[in-house]
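Novice: What follows is a predicted protein model with its sequence.
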Amino acid sequence: MTLAGEKRAVRRKREIPSPDPAALLAWYDRERRELPWRVVPGGAADPYKVWLSEIMLQQTRVETVVRYYERFLARYPTVEALAAAKLNHVLKLWAGLGYYARARNLHACAREVVRRHGGRFPDNEAALRALPGIGAYTAAAVAAIAFGRRAAPVDGNIERVVARLFAVTTPLPAAKPELCRLADSLVPEERAGDFAQAMMDLGATICTPKRPSCLFCPWREACIAFLRGKPEQFPRRGAKANGELRRGAAFVVLRADGAVLLRQRPANGLLGGMTEVPTSEWRADYPDETLTDAPRLAAEWQRVPGRVRHVFTHFPLELTVHRVRVPARTRAPRGMRFVPLARLGDEALPTLMRKVIAHATSERNVTEGRKNASSLYD
């Protein structure tokens, strides 16, 4: 007997009904979220819009994605337009959305769709997974929503719904294969795309991590965790390994004409291809006061009070910030360039670098710096 079959047998023994896809779809038809990439239930979805939204929604809240999605679609209305764009232009438009490998993969995927598939997204999971940046979840989501394929995308919201429906006691991440099998057992043959979006909406609006609104859930009578009175205990999670704190230094060069020194990070690796102020390497034992990695300039560096803190997926980071003001005639060192502060919005600056520049140029820090090192500003 399959795992899903065993779970259904337990339900029959306890007289707990199985989750009815029709009940969830009826709820979705009434309560669905209005999102710019969605079509009306039963309508024909645009694969490009579905794919673009799903890539953006990875690790990012819907509220944040909406404005980025609309900007992207205005600039690149088709996959052909995105494929023809320069990568640095794509990164600039993505700046602030985080997880920048997504932007690089987005661009690479668009080019592959145009090159290998004539601008048409493949309509099945296997072919979609062969494209850059498309994993199991995104392939299933695009296949179901854009093409009506019977597929079970399982993101964090859907993991939570399924774990509670079946009271899965295996902790995450070990429970992922079991949750995927159970999710697949729920998908109906018809309206697979609407069903996938209904599961997403259920997890986002009703079956929330804390204080779920179980009384409004269309599946509450089929939910073992609810019937036990313990929905918030699921999904169970293993101990989370916190990444070791890393430290480093950022060097902000402010030119008298209102420009700041920037450079581009290497194409691969963390924040690959994005724009940054010069920084040191980031490591656990980086010494606070060292200026070894600072750009070579005929000026005296000043340490800005405080630190800039940022949390990446796998580790937290603290940067000390050093600042210097140089004359307007100063030329940028090799591989770097000066950009007017007023035009930073046109740069592919990740959130971390925006924090660094804001920290270095805040009025309080500038005023304090003038008091402590007035000669730098004469």
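Specialist: Received the coordinates, thanks. Residues are numbered from 1 along each chain as shown.

Novice: how about stretch 138-156 as CSV, C-alpha atoms only?
Specialist: Provided in CSV are the C-alpha atoms of stretch 138-156 (Å, rounded to 0.1, in the frame of the first residue of the first chain):
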residue,chain,number,x,y,z
THR,A,138,8.8,25.9,-10.4
ALA,A,139,8.5,23.2,-13.0
ALA,A,140,5.4,21.7,-11.4
ALA,A,141,3.9,25.2,-10.8
VAL,A,142,4.4,26.3,-14.5
ALA,A,143,3.2,22.9,-15.8
ALA,A,144,0.0,23.0,-13.7
ILE,A,145,-0.9,26.7,-13.9
ALA,A,146,0.2,27.5,-17.4
PHE,A,147,-0.6,24.2,-19.1
GLY,A,148,-3.1,22.4,-16.9
ARG,A,149,-0.9,19.5,-16.4
ARG,A,150,-1.6,17.3,-13.3
ALA,A,151,1.3,18.4,-11.2
ALA,A,152,1.9,19.1,-7.5
PRO,A,153,4.0,22.1,-6.8
VAL,A,154,5.0,22.1,-3.1
ASP,A,155,6.3,25.3,-1.5
GLY,A,156,6.5,26.3,2.1
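
Novice: in it, what's buried?
Specialist: Within stretch 138-156, the residues that qualify as buried are 138-155, counting by 16 or more other CB atoms under 10 Å. Backbone N, C-alpha and C define where each C-beta goes, glycine included.

Novice: Could you do stretch 62-80 as well?
Specialist: 65, 68-69, 72-73, 76, 79-80.

Novice: Closest one of those residues to T330?
Specialist: Ranked by distance to T330 (CB to CB), the buried residues of stretch 62-80 are led by Y68 at 35.0 Å.

Novice: does M200 sit in a helix, a strand or a coil?
Specialist: Following DSSP: H, G, I helix; E, B strand; the rest coil, we place M200 in the helix state.

Novice: In space, what's closest to it - neighbours in sequence excluded?
Specialist: Spatially, and ignoring its direct neighbours in sequence, M200 is nearest to N157 (5.5 Å; CB to CB, 6 or more residues apart in numbering).

Novice: Can you tell me which helices and strands the helix or strand hosting the one you found packs against?
Specialist: Assigned by DSSP states H and E, N157 belongs to helix 156-165. Applying 3 or more CB pairs under 8 Å, 6 or more residues apart in numbering; DSSP states H and E, one finds that helix 156-165 contacts helix 176-186, helix 192-201, helix 224-227.

Novice: Mean neighbour count, mean pLDDT and distance to L270 added to the ones you listed, as CSV?
Specialist: CSV is the format used below for the helices and strands packed on helix 156-165 (neighbours: other CB atoms under 10 Å; pLDDT from 0 to 100; distance: least, CB to CB, whole Å):
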stretch, mean neighbour count, mean pLDDT, distance to L270
helix 176-186, 18, 96, 25
helix 192-201, 24, 96, 29
helix 224-227, 20, 95, 38
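
Novice: want to throw those into a markdown table with distance to L87?
Specialist: Below are these laid out as a markdown table (distance: least, CB to CB, whole Å):
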| stretch | distance to L87 |
| --- | --- |
| helix 176-186 | 32 |
| helix 192-201 | 30 |
| helix 224-227 | 45 |
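
Novice: Residue ranges in the stretch 1-150 of the chain under the pLDDT threshold?
Specialist: Applying pLDDT under 70 to the stretch 1-150 of the chain flags residues 1-14.

Novice: which residues in it form helices?
Specialist: Per DSSP state H, counting those that start in this stretch, the stretch 1-150 of the chain carries helices over the ranges 3-14, 21-31, 47-57, 62-75, 79-84, 87-94, 101-117, 125-129, 136-147.

Novice: Tell me which of these sits most buried.
Specialist: helix 136-147 (a mean of 24; mean count of other CB atoms under 10 Å).

Novice: circling back to that earlier point, what angle separates the helix holding N157 from helix 192-201?
Specialist: Angle of helix 156-165 versus helix 192-201, following axes from the mean of the first three to the mean of the last three CA atoms, to 10 degrees, is 80 degrees.

Novice: tell me the mean pLDDT over helix 156-165?
Specialist: Average pLDDT, helix 156-165: 96.

Novice: Tell me the buried residues in that helix?
Specialist: For helix 156-165, burial by neighbour count (16+ other CB under 10 Å) applies to 157-165.

Novice: just stretch 228-235 next, same as before
Specialist: Using 16+ other CB under 10 Å as the test for burial, stretch 228-235 gives 231, 234-235.

Novice: Also stretch 274-282?
Specialist: By neighbour count with 16+ other CB under 10 Å, stretch 274-282 contains the buried residues 274-280, 282.

Novice: Could you do stretch 217-225 as well?
Specialist: Within stretch 217-225, the residues scored as buried using 16+ other CB under 10 Å are 217-220, 222-225.

Novice: of all these, which comes closest to T313?
Specialist: Of the buried residues of stretch 217-225, the one sitting nearest to T313 (CB to CB) turns out to be A225, at 28.0 Å.

Novice: wait, what's in contact with that closest one?
Specialist: The contact partners of A225, by CB atoms under 8 Å, 6 or more residues apart in numbering, come to 163-165, 167, 231, 233-234.

Novice: And the spatially closest residue to it that is not a sequence neighbour, how far from R255?
Specialist: Take A225 and drop its neighbours on the chain: the residue closest to it by CB to CB, 6+ apart is R164, 3.9 Å away. Note on R164: its distance to R255, by CB to CB, to the nearest Å, is 57 Å.

Novice: which residues touch the residue lying closest to S53 once chain neighbours are set aside?
Specialist: Nearest non-adjacent residue to S53, counting by CB to CB, 6+ apart: W37, 3.9 Å away. Contact analysis of W37 by CB under 8 Å, 6+ apart lists 46, 49-50, 52-53, 69.
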